[in-house]
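Student: Sharing a model that was predicted from the sequence below.
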Amino acid sequence: MIDARRAVAGLAILGMADSIYMLSYHLGAIDSLYCPFFGQGCNKVGRSSHARHLGIPNAAVGVAGYATMAVLATASGSRRVRRWASPALAATSLSAFVASLFLTWEQPFRVGAWCFWCLSSAAINLAILPLALREAFRAIDLSLGGRAQGD
């Protein structure tokens, strides 16, 4: 069975690629997004006023968030590091999940379109969250003197 930290790292790398693709479009490096199910929806969402919050492109925040999760997931291999890295990973993952919920809500209600890449990112965050929470609970158990399974 694949270790949860490795799964999180792999999913985070996939999320980074998704976010870099969206950021490339947002910044004008590519002219159009491939949007398999929603026609021009990806382009409409990707350059809408809702593609930025607090002046920062959502995709740039995605790149940074996924990079953080990948680093924390790979850094949490030793017991000593896991005590702080795993809870930090869970907090980052929970934040990303909550942001994805909000951004997914914005698509139909504020932009009037759906984006395949945005929904893919939300699905990746949904997949990472339980894995990250599991690792955080294992780290807490270890720090309280328990012996987490798989160690």
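Tutor: Nice, I can see it. Because the structure is predicted, anything quoted here is derived from the model rather than measured. Residues are numbered from 1 along each chain as shown.

Student: Please count neighbours and contacts with C-alpha atoms only from this point.
Tutor: Fine.

Student: Which parts of the protein are strands?
Tutor: Per DSSP state E, the chain carries strands over the ranges 52-53, 56-57.

Student: Could you list the paired strands of the first one along with their orientation?
Tutor: Same thing as strand 52-53. If you go by DSSP bridges, strand 52-53 pairs up with strand 56-57 (antiparallel).

Student: What's the mean pLDDT across the strand it pairs with?
Tutor: Averaging pLDDT along strand 56-57 gives 96.

Student: i'd like the first residue to be 13 from this point on
Tutor: Sure thing, new numbering starts at 13, so read that last one as strand 68-69.

Student: Of all the strands of the chain, which one is nearest residue 84?
Tutor: Relative to residue 84, the nearest member of those by Cα to Cα is strand 68-69, separated by 22.9 Å.

Student: what's in contact with that closest one?
Tutor: Applying Cα atoms under 8 Å, 6 or more residues apart in numbering, the contact partners of strand 68-69 are 35, 38, 63.

Student: List just the nearest of these to residue 143.
Tutor: Taking Cα to Cα as the measure, residue 143 sits nearest to residue 35 out of the contacts of strand 68-69, at 26.3 Å.

Student: What segments of the protein are helices?
Tutor: Under the criterion DSSP state H, helices of the chain are mapped to 16-38, 53-58, 70-87, 91-118, 128-155.

Student: Distance from the fourth one to the middle of the chain?
Tutor: Relative to the mean C-alpha coordinate of its chain, helix 91-118 is positioned 8 Å out (Cα atoms, centre = their mean, to the nearest Å).
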